[in-house]
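Trainee: Predicted model and sequence follow; I will ask about them next.
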Amino acid sequence: MRWLLIVMAFVVVPLAELWAILSVGDAIGTLPTVLILLADSVLGALLLRAQGRGAWRRFVEALRFARVPSRELADGLLIVVGGALLLTPGFLTDAVGLLLLVPPSRAIVRRGLERLVARRMEAGLSGAAGGTAWRTSGPRGGRAPAAGKAFDIDGQAVEQESTGPERPRLER
């Protein structure tokens, strides 16, 4: 799966961008195409600055009220990715970057990412709830089963009976 994403990012996307630029250039001419790409980059930088300032202000406000700024961090990340895509020359990356910089579409993307992360966390927690002990370093530096070893450092742990296959639920 990772290799597919790498191939997409470094081979397919530039070829699609090149095709789109050449198609637009054939339709309206070379100079207007270059001017549109330059104007798009400048407008993208201005939009990035405005949206970035707003996200930073909301982040600071969340911290001021002692609230976990998860939504603000997600928005900031999406704004940075959207700005990078807008500064990259090309029409396809500009369209995706613009979607990430406009607040209503960014909210839709953020909710989709939240659901994806929640599903992955729930799947990971359901595996851990099955009685598997976990150690903190695996072959890739992540979490991996600890081959039957539990974390009973001082010998005071008591085994708990499970009433059934319960799955932990993430609350909103």
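Mentor: Yes, it's here.

Trainee: do you know how far residue 98 is from residue 83?
Mentor: 10 Å (CB to CB, to the nearest Å). (C-beta placed from N, C-alpha, C; glycine too.)

Trainee: Mutual contacts of the two, please.
Mentor: Contact criterion CB atoms under 8 Å, 6 or more residues apart in numbering; residues shared by residue 98 and residue 83: 44, 47.

Trainee: These two: which has the busier surroundings?
Mentor: Higher neighbour count among residue 98 and residue 83: residue 83, with 20 against 17, using other CB atoms under 10 Å.

Trainee: Okay, and the more buried one sits in which element?
Mentor: Per DSSP states H and E, residue 83 falls inside helix 70-87.

Trainee: What are the contacting residues of the helix or strand following that helix?
Mentor: Following helix 70-87 in sequence order, the next helix or strand is helix 91-101 (DSSP H and E). With CB under 8 Å, 6+ apart as the test, helix 91-101 has contacts from 13, 16-17, 20-21, 24, 37, 40, 44, 47-48, 51, 78-79, 81-88, 105-106, 109.

Trainee: ChimeraX command to pick out the buried ones of those residues?
Mentor: Provided next is the ChimeraX selection string for whichever of the contacts of helix 91-101 are buried by 16 or more other CB atoms under 10 Å:
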select :13,17,20,21,24,37,40,44,47,48,51,78,79,82,83,85,86,87,88,106,109
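
Trainee: where does the protein dip in pLDDT?
Mentor: Counting by pLDDT under 70, the chain has low-confidence residues at 127-172.

Trainee: Let me see the ranges of the helices in it.
Mentor: Assigned by DSSP state H, the chain shows helices spanning 2-7, 13-28, 30-64, 70-87, 91-101, 103-128.

Trainee: Any idea which residue is closest to the centre of the protein?
Mentor: What sits nearest the mean C-alpha location of the chain, by CA atoms, centre = their mean, is residue 113, with 6.3 Å.
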